[in-house]
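Colleague: I need the structure of the sequence given here:
(chains A and B)
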2 protein chains.
Amino acid sequence: MKIRISLAQMNSTVGDYQGNIEKIKDFISKADEKGADLILFPELTLNGYPPEDLILKTQFLRDSLKSIEEIQDFSESKDVVIVLGAVDWDVESYNTAFVIYKGEIYGSYKKMFLPNYSVFDEKRYFTAGRTPFLMEIERIKIGITICEDLWVPNGPAVSLAQNGANLILNLSSSPFYKGRNKVRFEMLKTRASELSSWIAYCNNVGGQDELVFDGGSVVINPYGEIELSAPSFEEGLYFIDIDPLEPTRANLREGKRKHYNQSAYYESVNTIKIGKKITGKNPIKAIKVDSFDLYEQLYLAVKTGIKDYVWKNGFQKVVLGLSGGIDSSLTAAIAADAIGPENVLGLLMPSQYSSKGSIDDSIELSKNLGINYKIIPINDIYEKYIENLKESFKSTEEDKTEENIQARIRGNLVMAFSNKYGYLALACGNKSEAATGYATMYGDMAGGFSPIKDLYKTDLYKVARKYNELHGKEIIIKSILEKPPSAELRPNQKDEDTLPPYALLDEILFKYIDREMSYDELLQEGYDEGLLKNVINMVNKNEYKRRQSAPGIKLTERSFGKDRRMPITNKYIPW
Amino acid sequence: MKIRISLAQMNSTVGDYQGNIEKIKDFISKADEKGADLILFPELTLNGYPPEDLILKTQFLRDSLKSIEEIQDFSESKDVVIVLGAVDWDVESYNTAFVIYKGEIYGSYKKMFLPNYSVFDEKRYFTAGRTPFLMEIERIKIGITICEDLWVPNGPAVSLAQNGANLILNLSSSPFYKGRNKVRFEMLKTRASELSSWIAYCNNVGGQDELVFDGGSVVINPYGEIELSAPSFEEGLYFIDIDPLEPTRANLREGKRKHYNQSAYYESVNTIKIGKKITGKNPIKAIKVDSFDLYEQLYLAVKTGIKDYVWKNGFQKVVLGLSGGIDSSLTAAIAADAIGPENVLGLLMPSQYSSKGSIDDSIELSKNLGINYKIIPINDIYEKYIENLKESFKSTEEDKTEENIQARIRGNLVMAFSNKYGYLALACGNKSEAATGYATMYGDMAGGFSPIKDLYKTDLYKVARKYNELHGKEIIIKSILEKPPSAELRPNQKDEDTLPPYALLDEILFKYIDREMSYDELLQEGYDEGLLKNVINMVNKNEYKRRQSAPGIKLTERSFGKDRRMPITNKYIPW
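Modeller: Reported below is the predicted structural model:
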């Protein structure tokens, strides 16, 4: 007899117990209606992930248990086993999966491997569980793991296999970054095959501050083949019927579990039995989606990140400065898709250094997108500043000070619209800028959210071209895509007057930041010494700017923000 | 025979291997000259604490070992056992104490208990050691612990006592907050007495981004009495002669260690022998300093924090806006003490809403402090903004938008001086403001460092009065101390029009933030429901502002910054 599994790829909101409970109930009802035997939710669905320091409030913890009771009561009339991620606690707190069926909590599993690297701080919040967990439904043994548990070669899944698991569930909140889902699928396929077990992996979806979860939940058979793959960046409930004898056949054929049984270390496992009947049903066809186009995924990640940051924080509309450059153009374009063009306001704020082309391009872009725009020149405000500072600056040369004053006037104007109308201000900086400090604090860096701050300039162009391709027309116009990048804060300024060419710059930045290669290691790769020192100096000296920048979406292996925690006060010079 | 211990209460700089090595050598020479048998340094002295993600760079790790070799070579000609805190690594990295004597590394101890709460992320960086460590010099057994190790009741110190330790060393980097040193002393006294052991505790001193280390190193006898206490917030080398038989007498009298030997859990201990001769010397008198005045300590912490942030980041001078209020006045006053009044520039930027009193008070304060000041009115710049926005805002009422524009003009001007002259801009906000969001992003919040951001308004007045007391005159003048707080952004504005009275506000904030009490728990304490909801709403809704604020010095149990990691996107409503 096959067992019907449903994966609830759900978009929760951190702290929103009532909203999350409603969604959970809705998914349970739908799963029950369609005859699912089991419904699997992502990690910490009930609380939202990551709840961060909310976990230090006892009321938040108490409310977690109260909310579980509400799900419990609701489950009484349903015939589906619910595996729900939520915080459990006594004096300590635990990242937990609760097994609920017909009004009862049958048991719970506490996550054993707590990630504490990159953007993760789980050792700050949780105490690790010590015992793997297995449930039996009519001789079908189903093990539970939570996210990181499955990434560890000697994690609880080994014990679960040793103890006869037919199926291993994984509740996950695995954040997106470029190319991540491929690595994740490879790991899951390897794990299913080496353990000779079904794996059902249910991932979180949606944006939460710096993180976007891409969903892409998956079910893999004991041969390591994908049998279900859910869409990325979409909420949904996905079904599959799986044959619990498949692992037995796979294992007898290749005998992989025998290796595990040779291992000296054999953990005790909590086992519970659930008296649920598995009955025959009409077979169901599982969905299979391919989601490996890197730049489409990046586009979707930014779109999801904007939408969820805006809506979950109670905004309707956004405002941003449009410079005619690729950064603000792409940000506006994706924002228009995310929340509707009628909810996007672009401000054109030309100075005496703005080219006519820039203004015309921004207007054309706005029309293509159907967003609103306003033109507010800044020359006369700028002149007033210069007049009032003339005496103080009388014996000095013009320098970046005057450029920054212009950028900050624009920041002040964008924020004035934000304050006056309650629009969220978007900052439009990219990762190459954030890395090198080629941006003005309180100027172009001003804003509540910075959607593309983790996209390298070279990737940004690829996403922009993908945007046009996906929309089937040149919405982001050719002149925006092809003009040489410029801040337009002094006559004929070009980014490459100050920075190395972006292709070379981004290559070095990727190795230095994303891959954490050191100066001397990069030198051995053959880069010019002067260039390397210049780039590394820029990165190291601008930590103070990044510290005050708006949060943005993690899109790469290693993003600025909580993913990279460098000291500002730092006299380390690697040469 | 007594053994002479020296404590090097050293101010390292993160990443500055060469600078730190020079200081370390200098301390070793001085200890050797004065006949010390052992010199103890704070935790991670060689690398600076905390090195944060620098530890993810292999070159940084390699340089750590290279630097230890340099100390090793230097130690050849000295007759003093060196206990030095530094990062060790293989594939993993360890928070380590190296024992170096006459050119050789005799052994090393890896920290067993890694803090991962509050401002600490040590589980992100280090792998925990598994074995306590003891060294023997002429039958004197000396155990080593690192910081957190000693705060744990069943930590390695118990095993060290079980294995006969006469003296337990502790290398520490324990950050300051209000009242912390008292708690620390109490713990150390308890530990020494319950273990019947000498404890020599050497703490880091100086500022590092959000943290200030207060030093206050201490030596405690096996009866729990302080025999040496070093000054707080000062670098120095401190000596004491201790009798290694004192623990034997204390233990025989009370038999406390017998309890430990009853414990079932008895860890193995690494033991090394060092062939150093302990010879008789003229006795030395240990220093004893009382450092428990709360407001003097806060003043010293802010002063140290400013000085080290300015100097370690290569600045000479600071610029800040002077409003005539207590916040900017106290910031300017402490900055003048920290880096010299000639290095402080105050900007008076009156608008039409500024009272004459505010301007006069700022001028009088500047003169009292001997700092430079400039007056740059902002009315006409403000009018230009309003003119340019008139069309866009035509159907709206005046509101906080117009207030924020003024604040941001001031922010732009402060930053213009910072850019033009390379001065560090100081922001002057306090904790009550940061908590409630009663401040303007990119306006009064603009600046590279925010020295008093973790001082509640009510404490701020106490520190200001202490400042005058310590200086023996009314430098911060009476009218500044006594005027009702106002942002002066609209006619006759007072803080208390918007906020509850500060005494009540700060009391609630302390309980909600520093003590993490929940809404319903506070309600049970008898606070008005409406008031509570208002305060908690303000705190929760302004996380986005704090996220973009300048780093400031941790001065309380729980500061904003890396100490408190709340989501911005957060729909948790506790009522």
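Colleague: Could you chop chain A up by domain?
Modeller: Chain A breaks down into these structural domains: A:3-274, A:294-547 (assignment by automatic domain parsing).
Colleague: Right, and chain B sits closest to which residue of the stretch 451-575 of chain A?
Modeller: A:Y572 (2.7 Å; Cβ to the nearest Cβ). Where you see a C-beta, it was placed from the backbone N, CA and C, and this is true even at glycine.
Colleague: SS state for that residue?
Modeller: coil (DSSP: H, G, I helix; E, B strand; the rest coil).
Colleague: so it touches B:D16, yeah?
Modeller: Yes. In this structure A:Y572 lies within contact range of B:D16 using Cβ atoms under 8 Å: 7.1 Å.
Colleague: Next, count neighbours for A:E364.
Modeller: For A:E364, the number of neighbouring residues by other Cβ atoms under 10 Å in any protein chain shown comes to 16.
Colleague: Once you drop chain neighbours, what's closest to it?
Modeller: A:I477 (5.7 Å; Cβ to Cβ, 6 or more residues apart in numbering or on different chains).
Colleague: Could I get the contacting residues of that neighbour?
Modeller: By Cβ atoms under 8 Å, 6 or more residues apart in numbering or on different chains, A:I477 lies in contact with A:361, A:364-365, A:368.
Colleague: Which residues belonging to the lowest-mean-pLDDT helix or strand in chain A are considered buried?
Modeller: One helix or strand of chain A scores below all others by mean pLDDT, DSSP states H and E: helix A:256-262, with a mean of 78. By neighbour count on 16 or more other Cβ atoms under 10 Å in any protein chain shown, the buried set for helix A:256-262 is A:256-257, A:260.
Colleague: re earlier: for chain B, state which of the contacts of A:I477 is nearest.
Modeller: Using Cβ to the nearest Cβ, the contacts of A:I477 come closest to chain B at A:L365, 20.0 Å.
Colleague: just checking, that closest one touches A:A336?
Modeller: No. A:L365 is beyond contact range of A:A336, at 9.8 Å (criterion: Cβ under 8 Å).
Colleague: tally of neighbours for A:K2?
Modeller: With other Cβ under 10 Å as criterion, A:K2 counts 17.
Colleague: tell me the SS of the closest residue to it other than its chain neighbours?
Modeller: Setting aside the residues directly before and after it, A:K2 is nearest to A:D241 in space (Cβ to Cβ, 6+ apart), at 4.1 Å. Following three-state DSSP, A:D241 is assigned to strand.
Colleague: What's the separation between A:D241 and A:I274?
Modeller: Here A:D241 is placed at a distance of 19 Å from A:I274 (Cβ to Cβ, to the nearest Å).
Colleague: same check, this time on A:K374
Modeller: Using Cβ to Cβ, A:K374 is found at 61 Å from A:I274.
Colleague: do A:I475 as well
Modeller: From A:I475 to A:I274 the distance is 53 Å (Cβ to Cβ).
Colleague: Which one (most neighbours) among the contacts of A:I477?
Modeller: Result: A:L365 is most packed of those (other Cβ under 10 Å), 25 neighbours.
Colleague: helix/strand/coil for it?
Modeller: helix.
Colleague: who touches it in this structure?
Modeller: A:322, A:324, A:329, A:332-333, A:346, A:475-477, A:480.
Colleague: would you list those residues in a markdown table and tack on distance to B:L532, pLDDT and secondary structure?
Modeller: A markdown table is the format used below for those (distance: Cβ to Cβ, whole Å; pLDDT from 0 to 100; DSSP: H, G, I helix; E, B strand; the rest coil):
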| residue | distance to B:L532 | pLDDT | secondary structure |
| --- | --- | --- | --- |
| A:L322 | 43 | 97 | coil |
| A:G324 | 49 | 95 | coil |
| A:S329 | 46 | 98 | helix |
| A:A332 | 41 | 98 | helix |
| A:A333 | 44 | 98 | helix |
| A:G346 | 41 | 98 | strand |
| A:I475 | 49 | 97 | coil |
| A:I476 | 49 | 98 | coil |
| A:I477 | 53 | 97 | coil |
| A:I480 | 51 | 96 | helix |
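Colleague: Any quick ChimeraX command for the buried ones out of those?
Modeller: Here is the ChimeraX command that selects the buried residues among those (16+ other Cβ under 10 Å):
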select /A:322,324,329,332,333,346,475,476,480
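Colleague: so which of the contacts of A:L365 comes closest to A:P491?
Modeller: A:G324 (16.1 Å; Cβ to Cβ).
Colleague: pLDDT weak spots in chain A?
Modeller: Scanning chain A for pLDDT under 70 picks out the ranges A:262-267.
Colleague: Can you tell me the centre-most residue of it?
Modeller: Centroid check for chain A by Cα atoms, centre = their mean gives A:V212 as the closest residue, at 2.1 Å.
Colleague: Secondary structure class of it, three-state.
Modeller: Classified using three-state DSSP, A:V212 is strand.
Colleague: what is it paired to in the beta sheet?
Modeller: A:V212 has these beta-bridge partners by DSSP bridges: A:G207.
Colleague: measure it to chain B for me?
Modeller: Separation of A:V212 from chain B (Cβ to the nearest Cβ, to the nearest Å): 12 Å.
Colleague: measure that residue to A:Y309 for me?
Modeller: 9 Å.
Colleague: Nearest to chain B: which residue in the stretch 201-350 of chain A?
Modeller: Counting by Cβ to the nearest Cβ, the stretch 201-350 of chain A gets nearest to chain B through A:K312 (4.8 Å).
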